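Participant: Give me the fold of what follows.
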Amino acid sequence: MVKTYPVVEAAPGSTRQVLSDSPDLMMVRFTFDTGAEGALHNHSHVQSTYVHSGRFRFTIGEESFEVGPGDSFVIPSNAVHGCRCLEAGALIDSFTPRRDDFL
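Facilitator: Prediction:
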């Protein structure tokens, strides 16, 4: 069964749309305007991020790095992380288990 989820504002200059979910896994698309930020935060979920388009500077813990289309990485559970969009684009994030706060 295919379910459609709404696009919601995640923060100024960014949107979030759940693409699919089950109790054990969730996939979410985030879009960012140039200069928009994903504020530093943490959560208990393991997160995998795939850069669909654009350029981003990510911080995970004490490490910062730049990523672009085709790059991917994993953010461990409870790691403090965030990003700044350098060039407008989209990220595809997977979370395990599902982030019920996004539903």
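Participant: For the protein, which segments are assigned as strands?
Facilitator: 8-11, 14-22, 25-32, 37-41, 46-60, 63-67, 72-75, 81-96 (DSSP state E).
Participant: Could you export the ones you listed as JSON lines, including mean pLDDT?
Facilitator: JSON lines is the format used below for the strands of the chain (pLDDT from 0 to 100):
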{"stretch": "strand 8-11", "mean pLDDT": "97"}
{"stretch": "strand 14-22", "mean pLDDT": "97"}
{"stretch": "strand 25-32", "mean pLDDT": "98"}
{"stretch": "strand 37-41", "mean pLDDT": "98"}
{"stretch": "strand 46-60", "mean pLDDT": "98"}
{"stretch": "strand 63-67", "mean pLDDT": "98"}
{"stretch": "strand 72-75", "mean pLDDT": "98"}
{"stretch": "strand 81-96", "mean pLDDT": "98"}
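Participant: In a markdown table: the ones you listed, plus distance to residue 1 and mean neighbour count.
Facilitator: To be clear about C-beta, it is placed using only N, CA and C from the backbone, and glycine gets the same treatment. Shown next, in a markdown table, are those (distance: least, CB to CB, whole Å; neighbours: other CB atoms under 10 Å):
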| stretch | distance to residue 1 | mean neighbour count |
| --- | --- | --- |
| strand 8-11 | 22 | 12 |
| strand 14-22 | 10 | 16 |
| strand 25-32 | 15 | 20 |
| strand 37-41 | 30 | 13 |
| strand 46-60 | 24 | 18 |
| strand 63-67 | 33 | 13 |
| strand 72-75 | 28 | 14 |
| strand 81-96 | 20 | 18 |
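Participant: And the residue nearest the centre of the chain, how far from residue 76?
Facilitator: The chain has residue 93 as the residue nearest its centroid, 4.6 Å off, counting by CA atoms, centre = their mean. Distance from residue 93 to residue 76, counting by CB to CB, to the nearest Å: 14 Å.
Participant: And for residue 25, nearest residue in space, chain neighbours not counted?
Facilitator: Using CB to CB, 6 or more residues apart in numbering and skipping the chain neighbours, the partner closest in space to residue 25 is residue 96 (5.2 Å).
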